[in-house]
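J.: quick one: sequence and predicted model below, then my questions.
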Protein chains: 2
Amino acid sequence: MIMAEMKVTVHHLGGQRYAGVNPSGDKLLIDGSEDFSLGMRPMEALLVSLGTCTAFDVVEILHKRRTPPESYRIELRGERAEEHPRRYTRITVRHLVRGEGITQKVLDRAVTLSHEKYCSVAATLDCEIESEAVLLE
Amino acid sequence: MIMAEMKVTVHHLGGQRYAGVNPSGDKLLIDGSEDFSLGMRPMEALLVSLGTCTAFDVVEILHKRRTPPESYRIELRGERAEEHPRRYTRITVRHLVRGEGITQKVLDRAVTLSHEKYCSVAATLDCEIESEAVLLE
């Protein structure tokens, strides 16, 4: 079930360290420390949020076609504006998939459906998002 | 140093489990499993990304005024559209801060500066963001 409202609490641990907690108790460490970092930067976590959200769709579509991925990784690059607030202006999302029975056409379709129709994170972002689907041998 | 380009790779671990990795090797687990979850959902991670990004600014501003926070948490709630792609339509960000020498006026100013001028994640989102600054006794 996808909820209509999502809630998290972020606790400041000191310095640039933070722990996010959701209602189930799942934790996420964010750290901006230069020297010894315990977690990602906020803008990196945003990319992971986008990459996993679109991957959920792609995997679901491939499963429904009875051609689940055997391996799947998503490479994300975000370009930021030079001036404050240094927002993302463009994000590229490369889906690299391997799996028996998966064709380039099917993969292209799954990735396009996610980016244009289903991905909640992509639809919440105000920046150019470019996707690429790479079928691995 | 804030980089002009950010990169992460997301690896599918199987099922609805994913690990995001940044160039420094920091990892972030995302999990959509219903039963035994190892991490947050993508849309929850997006809230944590926003909450920590704005917190970085607020803490920095309070530090510069020599009134660092003694305790600080951020409560985020995101409302989603009912129809696919179920994007966030509205996110509320409550900053709850305690610290010697911090006044409501200073806190309001720090939160407003972050949300309107500095927060890179907020500036990348295409949804209404409402912020509230609560000074704790």
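T.: Yes, it's here. Residues are numbered from 1 along each chain as shown, chains lettered A, B, ... in the order given.
J.: please report how far residue A:58 lies from chain B.
T.: 9 Å (CB to the nearest CB, to the nearest Å). Glycine gets a C-beta too; all of them are placed from N, C-alpha and C.
J.: look at that residue and say how many residues are nearby.
T.: A count of nearby residues for residue A:58, using other CB atoms under 10 Å in any protein chain shown, gives 26.
J.: ok, it - contacts?
T.: Taking CB atoms under 8 Å, 6 or more residues apart in numbering or on different chains, we find residue A:58 in contact with A:69, A:72, A:95, A:97, A:107, A:110, A:111, A:114.
J.: residue A:126 contacts residue B:121, correct?
T.: No. In this structure, residue A:126 is not within contact of residue B:121 by CB atoms under 8 Å, at 11.2 Å.
J.: of those two, who's got more company?
T.: Using other CB under 10 Å as the criterion, residue A:126 and residue B:121 rank with residue B:121 on top: 26 against 12.
J.: centroid residue for chain A?
T.: Nearest residue to the geometric centre of chain A (CA atoms, centre = their mean): residue A:51, 2.0 Å.
J.: and the gap between residue A:52 and chain B?
T.: Between residue A:52 and chain B the computed distance is 4 Å (CB to the nearest CB).
J.: how far away is that residue from residue A:73?
T.: 11 Å (CB to CB, to the nearest Å).
J.: check residue A:21 too.
T.: 27 Å.
J.: how about residue A:85?
T.: In terms of CB to CB, residue A:85 sits 30 Å off from residue A:73.
J.: residues touching the residue lying closest to residue A:98 once chain neighbours are set aside, list them.
T.: Closest residue to residue A:98 apart from its sequence neighbours, by CB to CB, 6 or more residues apart in numbering or on different chains: residue A:136 at 4.0 Å. By CB under 8 Å, 6+ apart, the contact list for residue A:136 reads A:71, A:96, A:97, A:98.
J.: swap the cut-off to 10 Å and go again
T.: By CB atoms under 10 Å, 6 or more residues apart in numbering or on different chains, residue A:136 lies in contact with A:69, A:70, A:71, A:72, A:73, A:96, A:97, A:98, A:99, A:102.
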